[in-house]
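Undergrad: What follows is a protein structure lacking sequence information:
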C-alpha cells in the first residue's frame, strides 16, 4: 500500500481590508459601459434607418423620373418623321432629311429640360447615331454599353435606365423609344437624356436632413443613456458601500444591508443579505462540528495506538508459529527418510523370503535324492540353514528400525500440541484486537484445525508403526522357529536323514507353507510402509501449506502495522487541521 502524501496544512489567512480604489490597470466603469453601449446601439440603429430611408426615397425619386422620361420619349417620337429617319445616311449632314429631323429634335429640346436628344438607327448591321444635336456628323458608332437598351426599345414600346448617370455636363437619365415609318415599321430609336441635376440636388438635401435627424437622435440617446447609467450606478454604489462596510468590519456576519430600492439593485442587496445569513449558518455549523471532529480524531488516534500494539503482539505470535512449523517440517522429512529406508529393507527381506520359498520347493523336489545322497545333501542343508539364519537375523535386525517411526510420530504429536497452544494464544490476541483481528482469528482457527489433523495423522502413523513392529516380531519368531527346525532336522546325522527322507519331504512342504506365510507378511509390511510414506507426504504438504499461511499472515500483520502507523500520522494531521479550522471560524463574528 502506498503511503499517503503529506497533507498540506492550511496557511493562516491574514485580514485584508477592502479598498475602494487603488486597483491597477485601466478602470472601465459600468456607467461608461452603459453609455457607450447605448450610444453604439443608437448609432447602429440610426445608420440602418437612415440608409433604409434614403434607399427608399432615392429609389422612388429615380423610378418616378425614369418613368416620366420614358413617357416623354414616347410622346416625342410622334414629332419625328420616321420616313426621314430611314433616309439618313453617312455624309448626308446637309441633306433635307437631316435638317428636318434636327429641327424636330430642336423643338423638343426647347420645350423640355434635356441633357441631350438624338436618333439611333441600324446601318449595315450596326447601331449608329443618326441625327444628334451634340454633333454634326452622322452614323457615328453607338457605345457598346447602350446597345442592349436600344435593341430592347426597338423590340418593345421603349426602354429606360433606372439609374442616374454622370458626365462632365451633369447628371441625367437615359430613355429610348422606337420611331415608326411606313406600315408601322421600326426605322430607328429616339434617345433622350433627361437632366437629373435637380433630382441629385433633392437627394443631397434628403441626405442632409437624415444626417440632422440622426445627430438629434444620437444626442438624445446619449442623454438618455447617461440618465439610465446614473440611475443604475447610484444603486450599485449604495450596495458597494454597504459591502465595503461589512468587509472592513472584521467579518461581522450579523450586519445586514438596508434595502430601499424595489428593483434589480434591491434584489442584489436582498440576495447579499441572504448570502450573509447562509454564510453565518455555515460558520456556526463548522464551529459546532470542529470540536466534534477533534474529539473523533482523538478517539481514533487512541484506538489506532491500541490496535498497533496488539498487531505487534500478533506478529510475534505468528513468528513463533512459523518457527514451530519449520521444526515440524524438518521432523517429517526425517521420518520420511527413515520410512524409505525401512521400506527398502522390507523389500530386501521379501526377496529373501521368496528365494527361501523357491529353495524349500527345490528341497521338496530333491527329497527322494536326499535319501541316496544324505551326506552331501546334509552338508548342503547345513550351509543353507546357516546362510539363511545369518541373512534372516541381519534383515530382522534392520527391520527393527521401524521402531524409530514410533519415536518420530511422538515428536510430531508433541509439535502439534505446541502448535495448538500457539494457535490458542493467537486467537486470544486476535480477540483482543477486536475488529482488526477478526482475520487473524480465522487464520488461528485454521492453524489449530491443521495441528489437530496433523496429530490425528501422526496417531494413525503410530498405530500403523505398532502393527508393523508386531509383524516384524512375528516374522522374527517364525524365522527363528524355521531355523531351529532346519537345524534339528538336518544335523541329526547321516543315518537319521536317510531314514527320515519321507519325513523330510513333509517337512519341506511345511517349510514352503511357512515361507509363503512370511512372504504374505512381508507384502503386508510393504503395503503398510507405503501407507505410512503416503501419509507422511500428506502431513508434510499440510505442514508446508500451514507454514506458508503463517508466513503470509505474518507479512499481512506487518503491512497492517505499517498502515496503522500511517493512519496514526493522518489522524495527527487531521487533529491539527481541526484545531486550525476552529481558529479560523472564531475569526468571524456570528453571534
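TA: Thanks, I have the structure now. Not measured: the values here are computed from a predicted model.
Undergrad: lowest-pLDDT helix or strand in the protein?
TA: When the helices and strands of the chain are compared on mean pLDDT, DSSP states H and E, helix 494-499 comes out lowest with a mean of 60.
Undergrad: quick one: the helices in the stretch 51-200 of the chain?
TA: Assignment of helices within the stretch 51-200 of the chain using DSSP state H, counting those that start in this stretch yields the ranges 82-85, 96-110, 144-154, 197-247.
Undergrad: among these, which is the most enclosed?
TA: Ranked by mean neighbour count under mean count of other Cβ atoms under 10 Å, these are led by helix 82-85, which reaches a mean of 20. For every residue, glycine as well, the C-beta is placed using N, CA and C.
Undergrad: Give the other helices and strands that it contacts.
TA: helix 96-110, strand 170-180, strand 186-195 (3 or more Cβ pairs under 8 Å, 6 or more residues apart in numbering; DSSP states H and E).
Undergrad: what would the helices of the stretch 51-200 of the chain look like in TSV with distance to residue 187?
TA: Shown next, in TSV, are the helices of the stretch 51-200 of the chain (distance: least, Cβ to Cβ, whole Å):
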stretch	distance to residue 187
helix 82-85	5
helix 96-110	11
helix 144-154	10
helix 197-247	32
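Undergrad: how far does stretch 31-50 sit from the chain's center?
TA: In terms of Cα atoms, centre = their mean, to the nearest Å, the gap separating the centre of stretch 31-50 from the centre of its chain is 51 Å.
Undergrad: And the contacts of that stretch?
TA: Outside of stretch 31-50, the residues within contact range by Cβ atoms under 8 Å, 6 or more residues apart in numbering are 210-211, 213-214, 217-218, 221-222, 224-226, 228-230, 232-233.
Undergrad: Neighbours of residue 174, how many?
TA: Residue 174 is flanked by 24 other residues according to other Cβ atoms under 10 Å.
Undergrad: hang on, it packs against residue 195?
TA: No - when contacts are counted by Cβ atoms under 8 Å, residue 174 is not listed as touching residue 195 (11.5 Å).
Undergrad: Okay, strands next: where are they in this protein?
TA: Along the chain, the stretches classed as strands by DSSP state E are 114-123, 126-132, 140-141, 159-160, 165-167, 170-180, 186-195.
Undergrad: in the first one, what's buried?
TA: When burial is assessed from 16 or more other Cβ atoms under 10 Å, strand 114-123 yields the following buried residues: 114-122.
Undergrad: can you check the longest one too?
TA: Residues of strand 170-180 classed as buried under the neighbour-count rule (16+ other Cβ under 10 Å) are 171-180.
Undergrad: and which of those is nearest residue 280?
TA: In terms of Cβ to Cβ, no member of the buried residues of strand 170-180 lies closer to residue 280 than residue 171, at 78.4 Å.
Undergrad: In contact with that closest one, which residues?
TA: Residues counted as contacts of residue 171 (Cβ under 8 Å, 6+ apart) are 164-165, 195-197, 199-200.
Undergrad: change it to 10 Å
TA: When contacts are counted by Cβ atoms under 10 Å, 6 or more residues apart in numbering, residue 171 is found next to 115, 164-165, 193-201, 203.
Undergrad: for those, which one is nearest residue 305?
TA: Lowest distance from residue 305 to the contacts of residue 171 (Cβ to Cβ) belongs to residue 203, with 98.5 Å.
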